[in-house]
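S.K.: Just need the structure, nothing else, for what follows:
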Amino acid sequence: MSSRDARIGVVGATGAVGTVTLRLLRERGYGNVRAFASARSAGRELDGGVAVEEATPEALAAGGLDLVLFSCGTGASRELVPHAVEGGALVVDKSSAYRLEDGYPLVVPEVNGDRARDALETTHVVANPNCSTIPLTCVLKPLHDLAGLRRVRLSTYQAVSGAGAQRMERLRDEPSEEHDLEFDWPWDGDETEEEAKIRAESRKVLELPELPLSATTVRVPVLVGHAQSVWVETEEPLAPGQAEELLATAPGVRLVETPTPLAAAKTEDVLVGRIRTDRAAESNGLVLFLACDNLVKGAALNALQIAELLLEPARATA
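M.R.: I've put the predicted structure just below:
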């Protein structure tokens, strides 16, 4: 069986990420795709002529799917993923349901792609990281490999699409100067769950369980494209020019003069630039700025890349 012939299901197909997932599958030549969503969306026909089916435990457990990409909320994933596995499918889940659970790989293919295959013999589920963790670790990994990470601090500026399609419509309907953005993340002690999540997930993806990392997350009135300011301290000296040369050839990363959400929108790369010496660090400090389409590489594309890693054994035996 060719991997392009794999029978693929997309759960949450009508949402912001699910829509991008279907587009990417179509562009990459996957023709055997089924779309699943809630009962109120069942029967709709999506772009590409795919009819929406209701995502029920029975439908997913019935079999007939080789791989299922979940783009729904944590509660729905916890309910439905086990049924997809029961039906014989491999699963890539984009919610936070399995990210920090023991035994479930948390994968960014450019960083720790080999971990995806661990699921083939165990849980059959691979977790897709947070939309800020993905671009961050793509940039941090090559820096760590060369000079070692001592400490990381960052601030994120996250687009409303990270909160779903309805929030995107609200922003379109209301002028940005009048848009009263909500604080989207609950508190976890003196930081938000999102801030704690980025630290824990980055440690797991990079396999640096003790890495000191502090994050501040902010929602901004931008439709698509998360940006981050990142302050990095390394164990070994690393000049800005060296970091630029390193990141210019890093997989999934594109070096630009000034990354912006607009420039990153609808692209597959993590844009990184403005790399300079951190004048507040005692030693070995760098500052950089990055931007990434949170619906593409920050979610749908990363999950599809994981799926292709899982389907490689099928390609090898085709």
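S.K.: Tell me the buried residues in the helix-or-strand element of the chain with minimal mean pLDDT?
M.R.: When the helices and strands of the chain are scored by mean pLDDT, DSSP states H and E, helix 301-316 comes last with a mean of 84. Neighbour-count burial for helix 301-316, with 16 or more other CB atoms under 10 Å as criterion, is recorded at 301, 302, 303, 304, 305, 306, 307, 308, 309, 310, 311, 314. All C-beta atoms are positioned from the backbone trio N, CA, C, and that covers glycine.
S.K.: Okay, strands next: where are they in the chain?
M.R.: Secondary structure of the chain (DSSP state E): strands at 8-11, 33-37, 52-54, 67-70, 90-93, 125-127, 149-158, 187-188, 191-192, 213-219, 226-234, 253-255, 270-277, 285-292.
S.K.: Parallel or antiparallel, which strands does the longest one pair with?
M.R.: Strand 149-158 has the following sheet partners, assigned by DSSP bridges: strand 213-219 (parallel), strand 226-234 (antiparallel).
S.K.: Over to the fifth one?
M.R.: The sheet places strand 90-93 alongside strand 67-70 (parallel), strand 125-127 (parallel), with pairing taken from DSSP bridges.
S.K.: what do you get for the first one?
M.R.: The strands beside strand 8-11 in its sheet (DSSP bridges) come out as strand 33-37 (parallel), strand 67-70 (parallel).
S.K.: Am I right that residue 65 is in contact with residue 8?
M.R.: Yes: using CB atoms under 8 Å, residue 65 is in contact with residue 8, at 6.9 Å.
S.K.: What is the burial count for the nearest residue to residue 152 once chain neighbours are set aside?
M.R.: Closest residue to residue 152 apart from its sequence neighbours, by CB to CB, 6 or more residues apart in numbering: residue 213 at 4.5 Å. Each residue near residue 213 was counted by other CB atoms under 10 Å, and the total is 21.
S.K.: Please list all residues in contact with residue 213.
M.R.: By CB atoms under 8 Å, 6 or more residues apart in numbering, residue 213 lies in contact with 151, 152, 153, 154, 198, 199, 202, 203.
S.K.: quick one: the fifth one and residue 214 touch, right?
M.R.: No: using CB under 8 Å, residue 198 and residue 214 do not qualify as a contacting pair, with a distance of 9.5 Å.
S.K.: the more surrounded of the two?
M.R.: Neighbours were counted for residue 198 and for residue 214 using other CB under 10 Å; residue 198 has more, 28 against 14.
S.K.: So what's the predicted local confidence for the more buried one?
M.R.: At residue 198, the model reports a pLDDT of 98.
S.K.: Grab the nearest non-local neighbour of it.
M.R.: residue 215 (4.6 Å).
S.K.: do the same with residue 20
M.R.: residue 300 (4.2 Å).
S.K.: How about the contacts made by the one you found?
M.R.: 17, 18, 20, 21, 24, 71, 94.
S.K.: again, 10 Å this time
M.R.: Neighbour list for residue 300: 10, 16-25, 69, 71, 94, 128, 293-294 [criterion: CB atoms under 10 Å, 6 or more residues apart in numbering].
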